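**Student:** Quick one, structure for this:
(2 chains)
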Protein chains: 2
Amino acid sequence: MEPILKHSARAGAAVLVVCIGMLGLLGTSALAGGDGGLRPHAKGQYDASTNTYTVVAGDDLIEIAERFGTTVGTDAAAQTDPLPSWNDGPAKQAIIEFVKTTTNPASPQFVPPAERIATFDQDGTLWVEHPLYSFVMYALERVPDLVKAKPELAKVAPFSTVLEILKGDRAALAKLTLPDLEKVLAATYTGRSVDAFTAQATQWITQAKDSRWKRLYTELVYQPMQEVLKYLRANGYQTHIVTGGGQDFVRVYSSRVYGIPPEQVVGTAGVLKYEYDKDGKPFLFKEPKLLLNDNDAGKAKGIHLMIGRRPYAAFGNSTGDRQMLEYTHSGQGARLAMLVLHDDAEREYAYGPAQGLPDTKVGTFTQALYDEAEEQGWIVISMKNDWKRIFRFAE
Amino acid sequence: MEPILKHSARAGAAVLVVCIGMLGLLGTSALAGGDGGLRPHAKGQYDASTNTYTVVAGDDLIEIAERFGTTVGTDAAAQTDPLPSWNDGPAKQAIIEFVKTTTNPASPQFVPPAERIATFDQDGTLWVEHPLYSFVMYALERVPDLVKAKPELAKVAPFSTVLEILKGDRAALAKLTLPDLEKVLAATYTGRSVDAFTAQATQWITQAKDSRWKRLYTELVYQPMQEVLKYLRANGYQTHIVTGGGQDFVRVYSSRVYGIPPEQVVGTAGVLKYEYDKDGKPFLFKEPKLLLNDNDAGKAKGIHLMIGRRPYAAFGNSTGDRQMLEYTHSGQGARLAMLVLHDDAEREYAYGPAQGLPDTKVGTFTQALYDEAEEQGWIVISMKNDWKRIFRFAE
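**Tutor:** Purely as a prediction, here's the structure:
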């Protein structure tokens, strides 16, 4: 599509109508916005001096568009299903309806681009959270290093219990109380500089594997939700993660895994201390004290603190997301609130206890939450029925 | 400039070189990224269904480009001075050198676009802070309303003192101690819902005027710094405000005044409470308790909490900005740290006490800070010598 230029004059003002070029599959194009950084499937080279981007094998049109802050042309988009991993049904329909309604300037529910905010819980919403949240697995698997540095810890609970769990004693997991867990989280997430933590977490996340699929945790992201993230971004929405997990932890991989930059990750965060190293260089030290518990009502507070706008769409999967959905959905105009129900024991996991599914302490979805969703018009996504495929690797 | 399309084949991969169209003054163009929202000088109508933007009188090319997430073509940019309100000199040169070095892919100090973060103090750096910070003026001028609601306050200090100040008793200002001020700030910034506060602050900022220039506070922004904000954004930098002022206060006008959206405002923030109104709708209540004091080391902490990346450029004007500049400048590669020195009593104000300028409690720039800047290679901007004009209204 060629840019079109028209001139006309009206009431003394120069009026210039500029047709916005669009990214076409093979047609002429307009990338335009400057390089926004690598995407998992837009890794070609960008030469700013000549303003050219070289497409490479494996590139994904939507991700190229994202990288350069542009959109895929509507002609192309109309021909392609933006949510190919979703079965047709009320959930898929609600997402598409929401995007169409809020981005059509003729719609009374049109949302100006600057206000297009969508928030996503991570564990159980964007990736697998069973048998245990990855951010907790990280804490447990860091314990051997702690013990190496301080051998006396090997005989002290809860560290001794964690060592048993890591040796394969699954039953020992049940022994870990919440205060135990908090102690292990504090010992592995705090008491070090932000830079040291980031280096440790980066090392872990690039090699740690899930025990069931024998794949990196970062491969266990839900393909249908990746499509929702991209579809929303292609329609001008900012996508933010709002997680109960550690903010510094999720920021380590969020760009690479979800295309979500660190500044769009809200998570549980601790108090920081500004210190100096021996060369007089300043660094931030992670104190063992909570600043924001980004769960339950903490998610609404975290959203206001770090984003400052009420989202138009929110996605979660457990009681910890209830207030985020409530806060989002109670805004004026079209609002989308969705909850992923893990009802697919075969392809992933089945837990609730909503709808008679097995009970769990990890990602609890109560019947009360299910009933509230029905009453409020929040939409429950059935993993089993709404998702054609769950993982990118599972065709 | 027409989009150019070339095809070639290399090692089995489809290689497609796409020339990125650029926004030319009258030439063909590529706006592209979807409407990013109104700018003060890009208020034309955008029709998403046909992807057309109608330019109106008063439009500014850079702001149109910003609105659509694109950049002004380099041809045009090379011919125009991006900082016309700056006199030639080391400060202007440092800014231009920094942008060139960090955005040239051939430079060893090239910064990938995703990491291009610049942070700006507000009071005294982006707009006038004398005789008193605007966010404090807001608190003082809200006191009559407080007294109307609770008449007994009229006789209680510090509210009685504030009423004297507002009646024109400038000497009474000196009576206000820091604890007094904190009491007034707490009484006007907290104890109400976020929505109620936003409505009150919006009303005030749209009509409150400065006593010297008889202009809206929002007109007292420094034109040279507005140019820096735009110049950085036109080169792929995110511009964030990092202010000691109230985060919720600055977010009320930041988009309109600086083109900086709420999610890019880090400021002093209080604890929130999640509550329900009588209709069962949730809202956020501002508790009279500090969560983040975004001054001094708090600025570095706030940057990590809300942005999660170390800035490449930081701008301030007082001791409260010291750690932000130190944190920024101690990162690897090219870093720009700048301090505005108010040495222009005629066109604005003169205060330090650095360089023998009059001492002040509002925006203190000590000689120690001046010496540190010199030692560290932070650049001091002389308002008097470096700025050709200070305000947009002052030609």
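**Student:** max-length helix in chain A?
**Tutor:** If you go by DSSP state H, chain A has its longest helix at helix A:134-149.
**Student:** Report whether that one contacts chain B.
**Tutor:** No. Helix A:134-149 lies out of reach of chain B by C-beta under 8 Å from any C-beta of the partner chain, never closer than 15.9 Å. In short, each C-beta sits where N, CA and C put it, glycine included.
**Student:** From the chain's centroid, how far away is that helix?
**Tutor:** Relative to its parent chain, helix A:134-149 has a centroid offset of 24 Å by C-alpha atoms, centre = their mean, to the nearest Å.
**Student:** by contact count, what packs against the next helix or strand after that helix?
**Tutor:** Per DSSP states H and E, helix A:134-149 leads on to helix A:159-166 as the next helix or strand towards the C-terminus. Packing partners of helix A:159-166 (3 or more C-beta pairs under 8 Å, 6 or more residues apart in numbering or on different chains; DSSP states H and E): helix A:134-149, helix A:178-189.
**Student:** all strands for chain A, in order.
**Tutor:** A:5-10, A:13-19, A:46-47, A:52-55, A:117-120, A:192-193, A:238-246, A:265-276, A:282-292, A:313-316, A:336-341, A:379-382 (DSSP state E).
**Student:** what's the most buried one of those?
**Tutor:** strand A:313-316 (a mean of 29; mean count of other C-beta atoms under 10 Å in any protein chain shown).
**Student:** if we can go back for a sec, how about the strands of chain A in TSV, adding distance to B:L357 and mean pLDDT?
**Tutor:** Shown next, in TSV, are these (distance: least, C-beta to C-beta, whole Å; pLDDT from 0 to 100):
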stretch	distance to B:L357	mean pLDDT
strand A:5-10	52	31
strand A:13-19	46	27
strand A:46-47	46	59
strand A:52-55	50	58
strand A:117-120	44	98
strand A:192-193	38	98
strand A:238-246	43	98
strand A:265-276	28	98
strand A:282-292	27	98
strand A:313-316	51	98
strand A:336-341	55	98
strand A:379-382	62	98
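**Student:** Which stretch among these approaches B:A334 most closely?
**Tutor:** Nearest of these to B:A334, taken as C-beta to C-beta: strand A:282-292 at 18.2 Å.
**Student:** partner strands of the closest one, parallel or antiparallel?
**Tutor:** strand A:192-193 (antiparallel), strand A:265-276 (antiparallel) (DSSP bridges).
**Student:** Identify the residue spatially nearest to A:R215, adjacent ones excluded.
**Tutor:** A:K209 (6.0 Å; C-beta to C-beta, 6 or more residues apart in numbering or on different chains).
**Student:** what's across from the one you found in the sheet?
**Tutor:** Bridge pairing for A:K209 - DSSP bridges - gives A:L216.
**Student:** Distance check, it against chain B.
**Tutor:** 26 Å (C-beta to the nearest C-beta, to the nearest Å).
**Student:** For whichever residue of the stretch 101-250 of chain A sits closest to chain B, give me the pLDDT.
**Tutor:** Residue nearest to chain B within the stretch 101-250 of chain A: A:A114 (3.1 Å; C-beta to the nearest C-beta). We have a pLDDT of 96 for A:A114.
**Student:** Over to A:Q109?
**Tutor:** 97.
**Student:** Look up phi and psi at it.
**Tutor:** Dihedral pair for A:Q109: phi -100, psi 20, per degrees, to the nearest 10.
**Student:** mind listing what the nearest residue to A:R335 once chain neighbours are set aside touches?
**Tutor:** Spatial nearest neighbour of A:R335, excluding adjacent residues (C-beta to C-beta, 6+ apart): A:H329 at 4.8 Å. A:H329 makes contacts with A:A314, A:R335, A:A337, A:Q376, A:G377, A:W378, as judged by C-beta atoms under 8 Å, 6 or more residues apart in numbering or on different chains.
**Student:** Alright, that wraps it up for me.
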